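Q: Here is my input, please return the structure:
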Amino acid sequence: MNTALKHWKEAATVILAAGARCRPAADSLKISKVNLPPTCNVTQSDLPHKSVFDYEVLLLKRSGKSGFMPNASVFPGGLVDSSDFSSDWLETFKSFRHSPNFGLAVVKQPPETRPPIFATDRLKLGSPIPGDVAFRICAVRETFEESGVLLVVPKNEEKSIMDTLTRSGGDNIPTCLTRISELWDKRELAKWRSLVIENPFNFIRMCKELDCLPNIWAMHEWGNWLTPTGVYGKQRRYDTAFFICCLQEIPHTVQDEKEIVHFEWSTPSEVLQSYQARTLWIAPPQFYDLSRLCRFPQLQDLHSFARERALEGCEQWLPVRLVCTDCTISLLPGDGLYPEYLDLSEESDVNLTTEKSLEQLQQESSALHRILSFDPYANTIHMSITPKYKHLQPIGGPVQTCPSMHKSQL
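A: The predicted structure follows:
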């Protein structure tokens, strides 16, 4: 972990997509991403119906007493711990120590353009564990703590993983959906889960005693979000690595009754519709990425896209808040109004205000990459630029109504 960071705390999260128990009965329900508009020009009302999805995504509802985003529904994940960078992992991954990044696929993105969370040389910070590995370990550990879902592979499967690495020439791109091993008794896992929650270093002990490895190879790099300044206070700013993992079927899931008070597996469109109906609240990163997932109603399509796209790398995103006369805009990189230079070492908040209306601002630039917020439950994504690193645009883009109509519909 990077103790030199002054204003952001490093974290990792994972979008878990798992095959639904009841799949669509008719092929006529299947929607391919190619049938959806290539640009972000549809509204949330155009979301695919929940019946066309053959998978669901895990969301965890945070406690109302939480100091960060209370009552929010989030993807599993949390702060990086020093144990995630511990040299003790070298023994666990000893078969992969001579492979770059312990056998993870080699990203095409040039190092100088990589987000610092991935590009930082961890050896210089005193850890022999590469950041690409440690943040995946963190995501696995936090997922286990918060939901009981254990994303590991038995040690006796490491040979097949090594064989895959050899055949692929070092570019490990698993083509099969990940399965959750059921080799261990639920009561034993519950005991270990309590120990890991008590002390994250017990996760290393658990992997040794259960003879398993965190399944870092099933985690595909998805994105990197920075908490915007001036929203949750200067002590609540996170630099979060986002991964995605596709599972064959929904695993046994529990909650910790402390930080997490409820869990739910739902299709991406169901979550967004519940958000619109104000029955749950999701933060902008979840809103944005769930809108992306709506372009993939079929799990295998999502998995294929995620594993191939991950080789391209990703961009660091710090939303910049612009308050205009009739809404709040979160500007994202690539938007014509996004600040040209941002010094992330500065303590000052990056917030902008204007006396202009949304309509005026929309006309000032043809390059749009922004989230419009009319209230905490009424967001719209406007995007006209081409996503970098072969990502797709989310559903939920420019609408044909004026801001006043948004307000009247609430």
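Q: need the helices for the stretch 201-350 of the chain, in chain order.
A: 202-209, 268-276, 284-293, 299-309 (DSSP state H, counting those that start in this stretch).
Q: And the last one, how far out from the chain middle?
A: Read it as helix 299-309. From the chain centre to the centre of helix 299-309 is a distance of 14 Å (Cα atoms, centre = their mean, to the nearest Å).
Q: So which elements touch it?
A: strand 9-19, strand 220-226, strand 238-247 (3 or more Cβ pairs under 8 Å, 6 or more residues apart in numbering; DSSP states H and E). Glycine gets a C-beta too; all of them are placed from N, C-alpha and C.
Q: sorry, back to before: out of the helices of the stretch 201-350 of the chain, which is the most enclosed?
A: Most buried of the helices of the stretch 201-350 of the chain, by mean neighbour count (mean count of other Cβ atoms under 10 Å): helix 284-293, with a mean of 23.
Q: What average pLDDT does that one get?
A: Helix 284-293 shows a mean pLDDT of 95.
Q: which regions of this structure sit below the pLDDT cut-off?
A: 1-7, 21-50, 64-68, 165-175, 230-236, 256-257, 344-349, 396-410 (pLDDT under 70).
Q: re earlier: among the helices of the stretch 201-350 of the chain, which is nearest residue 193?
A: helix 202-209 (8.8 Å; Cβ to Cβ).
Q: what does the closest one contact?
A: Defining contact as Cβ atoms under 8 Å, 6 or more residues apart in numbering, one finds that helix 202-209 is touched by 83, 86, 88-89, 91-92, 137, 141, 144, 152, 192, 195-196, 213-214.
Q: same check, this time on stretch 259-271
A: By Cβ under 8 Å, 6+ apart, stretch 259-271 touches 18, 20, 47-50, 53, 55-64, 66, 73, 146-147, 250, 253-255, 274, 280, 282, 286, 290-291, 293-294.
Q: Of the helices of the stretch 201-350 of the chain, which is nearest residue 367?
A: Nearest of the helices of the stretch 201-350 of the chain (Cβ to Cβ): helix 284-293, 17.3 Å.
Q: Quick check: the gap between residue 96 and residue 247.
A: Distance, residue 96 to residue 247, using Cβ to Cβ, to the nearest Å: 22 Å.
Q: domains of this structure?
A: What automatic domain parsing lists as the domains of the chain is 9-33+53-316, 317-409.
Q: hey, which of these is tucked in deepest?
A: domain 9-33+53-316 (a mean of 18).
Q: so how far is that domain off the chain centroid?
A: 7 Å.
Q: for that domain, how far is the first residue from the last?
A: End-to-end span of domain 9-33+53-316 (Cα to Cα, to the nearest Å): 15 Å.
Q: what's the answer for stretch 366-380, then?
A: Termini of stretch 366-380 sit 17 Å apart (Cα to Cα).
Q: and what of stretch 323-334?
A: In stretch 323-334, first residue to last residue: 18 Å (Cα to Cα).
Q: Then stretch 226-237?
A: For stretch 226-237, the first and last residues are 7 Å from each other (Cα to Cα).
Q: same deal with stretch 340-352?
A: First residue to last in stretch 340-352 (Cα to Cα) measures 13 Å.
Q: could you pull out the strands for the stretch 251-400 of the chain?
A: With DSSP state E, counting those that start in this stretch as the criterion, the stretch 251-400 of the chain has strands at 260-266, 316-317, 320-323, 328-331, 351-353, 369-375, 378-383.
Q: can you put the ones you listed in TSV and add distance to residue 308?
A: Listed next are the strands of the stretch 251-400 of the chain as TSV, based on distance: least, Cβ to Cβ, whole Å:
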stretch	distance to residue 308
strand 260-266	25
strand 316-317	21
strand 320-323	30
strand 328-331	28
strand 351-353	37
strand 369-375	23
strand 378-383	22
